[in-house]
Structure formats: C-alpha cells, structure tokens
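J.: the sequence isn't on hand, but the structure is:
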C-alpha cells in the first residue's frame, strides 16, 4: 500500500522537522578554556536570549578548536592568527572585549543572519 500525504500531513511533517532542527552550536574560545571563554559564553547567552536565538553554547581552550563540531566560534581578537592555522570552514567572530554585550551583538548579528539563524 502506498503512503498518501495530504496537504495537512505534509504541513505537520514540516512543522515537526522544524521543531527537531538541530540547535546552533556556538563555541567560545580562550587560551585555557576556563576564565574568559566562560565569561564570554555567559555574555553571548544573554545577547542571544535578547535576539530570540536558541543555541547551545560551550567554551574551550584554543587547542581544542580543531576537534570541535561547533557551527560558530567566538574568541578574542588576539587568537585570530591561531585560528588561521586550523583552516576552519565555520564562521569565526573575534572580539576586542570578550564580555562587551554591545560588541558581541554588533558582530554576531550579521553572522547569524548569514547563517539563517536570525531574520
């Protein structure tokens, strides 16, 4: 017997697929993966909440970046040259001040729009 999809069942399937969408994974990075990356993570969480973007955030040290499955990396500007060594395809945001919510929002919004996570 063949499966028959009505307009309603296709709509429900699409809604279910949207609900099951894998959440955006953002990695905040610093030298040791303990202090500033964790503080940055908390600031980014606040910015994302205000933007209405749901994401899973984690923090790590710079040496763990190459093995990460993050969709987006956020780090201090001083780590930009080290990221070049990893040849990553994921977007990277580099901050002058890791906990400046205004800077985070200013630099994160265009990236999230480009990724389709923000309208």
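T.: Arrived safely. Given the structure is predicted, the values throughout are model-derived calculations rather than measurements.
J.: max-length helix in the protein?
T.: Identified as the longest helix of the chain according to DSSP state H is helix 36-51.
J.: and the next helix or strand after that one with helix 36-51, angle?
T.: Following helix 36-51 in sequence order, the next helix or strand is strand 55-61 (DSSP states H and E). Relative orientation of strand 55-61 and helix 36-51, computed by axes from the mean of the first three to the mean of the last three CA atoms, to 10 degrees: 170 degrees.
J.: which SS class is the residue nearest the centre of the chain?
T.: For the chain, residue 26 is the residue whose C-alpha lies nearest the centre (CA atoms, centre = their mean; 3.0 Å). The three-state assignment at residue 26 reads strand, by DSSP: H, G, I helix; E, B strand; the rest coil.
J.: that one and residue 74 touch, don't they?
T.: Yes: if you go by CB atoms under 8 Å, residue 26 and residue 74 touch, sitting 6.4 Å apart. The C-beta positions use only the backbone N, C-alpha and C, and glycine is treated the same way.
J.: which neighbours do these two share?
T.: Residues touching both residue 26 and residue 74 (CB atoms under 8 Å, 6 or more residues apart in numbering): residue 44.
J.: contacting residues for residue 69?
T.: Contact partners of residue 69, counting by CB under 8 Å, 6+ apart, are residue 25.
J.: what about residue 88, how many residues nearby?
T.: 14 (other CB atoms under 10 Å).
J.: if I look at it, how far off is residue 29?
T.: From residue 88 over to residue 29 the distance is 11 Å, taken as CB to CB, to the nearest Å.
J.: what sits in contact with each of those two?
T.: What both residue 88 and residue 29 touch, as defined by CB under 8 Å, 6+ apart, is the set 65, 73.
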